[in-house]
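> Pasting a predicted model and its sequence here:
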Amino acid sequence: MKSYKFLYLIWLIPATFLFLCIHQAMVWYGIIETYENGESYTAEVVEFEFKQIAAQTNGYIVLRFETSRGDNIQKKLSLPVEMAGQLQQIRVVPVRYQPGAFQEIVLMPTYGTQKGLVLTNLAMAVVALLMTLILAVVVHRYAHKKLRSGTEELEIERIDHSV
């Protein structure tokens, strides 16, 4: 039975969590980099939408500001529920902007919340990575043992009692 070789595909799950960990780490460093080295601007809130339907909560904010070089920047940013309350009544938001950074815009009023959310996501991704790594090692050993032992032949005998 050669189908045990498909069990090796379990390594795709930890690989996905590894990618997620790397991405969240890059977002975290990008937020800090933009906050520390970006230019300060005041952005006008063009649009703010926040929907809460049953267990789903999503929202976004559209910001517009002009850079010191005269470029008009308009960005639509997703908005987690933790940050929405802090930005709901604000029409002008102080931001830090660094073009080309992994995280180009950081909202000043929600900087701490944004960093905390990313660290929480990173921690959950690391835990998931560790759990799936352990699972993948166990499944890998099982599949290797089954493939090494050879194929199992299945014999079906018909026993007829009415002779």
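Good, I have the coordinates. Numbering: from 1, shown residues only.
> Distance from stretch 25-40 to the middle of the chain?
18 Å (C-alpha atoms, centre = their mean, to the nearest Å).
> mind listing what residue 82 touches?
Each residue near residue 82 by C-beta atoms under 8 Å, 6 or more residues apart in numbering is listed here: 113, 117. Using the backbone N, CA and C atoms, a C-beta is placed for each residue, glycine as well.
> Relative to residue 66, how far out is it?
29 Å (C-beta to C-beta, to the nearest Å).
> likewise residue 126?
The value you get for residue 126 to residue 66, if C-beta to C-beta is used, is 40 Å.
> do the same with residue 102
23 Å.
> next one: residue 145
Counting by C-beta to C-beta, the gap from residue 145 to residue 66 is 65 Å.
> more crowded one of these two?
Comparing residue 145 with residue 66 by other C-beta atoms under 10 Å, the one with more neighbours is residue 66, at 13 against 10.
> That one is in contact with residue 72, isn't it?
Yes - in this structure residue 66 lies within contact range of residue 72 using C-beta atoms under 8 Å: 5.5 Å.
> Show me the helices in the protein, by range?
In the chain, the helices defined using DSSP state H lie at 12-37, 81-87, 111-148.
> Same question for stretch 42-56: list its buried residues.
By 16 or more other C-beta atoms under 10 Å, the buried positions in stretch 42-56 come out as 43, 48, 50.
> Leaving out the residues flanking it, which one is nearest to the residue most central in space within the chain?
The chain has residue 20 as the residue nearest its centroid, 5.3 Å off, counting by C-alpha atoms, centre = their mean. Using C-beta to C-beta, 6 or more residues apart in numbering and skipping residues adjacent in sequence, the residue nearest residue 20 is residue 125, 4.5 Å away.
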